[in-house]
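In: I need the structure of the sequence given here:
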Amino acid sequence: MLDTQHRDAIDSAHFWLNEGIVKLPIGMAQRYQDMAKRGQYFSRLAQRLNLTPAELDAHLIENAIGDDDHQALLGYDPTQLSLFAEAA
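Out: Reported below is the predicted structural model:
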């Protein structure tokens, strides 16, 4: 088996970008960075929990919370005005 098959996808992406084999579209670096970070998070979560991709999907669905519960965890105060809403 090749050594490259044991590497993470991010290592492959680094190689392809660093060697100039592929290039990101202008202005899209942050979007791809966010996607890579999200992918790394879920990859590490699956490794930490020792789950297959299908098992990880089931785990995420079982442990998902709704918007109201999420706002309660964040401590959102509806009486506090939003600076961003006012600016828009």
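
In: roughly how far does the spatially most central residue of the chain sit from R31?
Out: For the chain, the residue sitting closest to the mean C-alpha position, by Cα atoms, centre = their mean, is R38 at 1.1 Å. As defined by Cβ to Cβ, to the nearest Å, R38 lies at a distance of 11 Å from R31. C-beta coordinates here come from the backbone N, C-alpha and C atoms, glycine included.

In: which residues in the protein form helices?
Out: Along the chain, the segments classed as helices by DSSP state H run 9-18, 29-49, 53-62, 67-74, 83-87.

In: dump those into TSV; add mean pLDDT as well.
Out: Formatted as TSV, those follow (pLDDT from 0 to 100):
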stretch	mean pLDDT
helix 9-18	82
helix 29-49	90
helix 53-62	94
helix 67-74	86
helix 83-87	68
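
In: S82: neighbouring residues, count only.
Out: By other Cβ atoms under 10 Å, the residues close to S82 number 10.

In: quick one: pLDDT of it?
Out: Note on S82: pLDDT of 72.

In: same question, R7
Out: So R7 comes in at 73 (pLDDT).

In: likewise for D3?
Out: So, for D3, pLDDT stands at 62.

In: between the two ends of stretch 61-79, how far is it?
Out: The first and final residues of stretch 61-79 sit 32 Å from each other (Cα to Cα, to the nearest Å).
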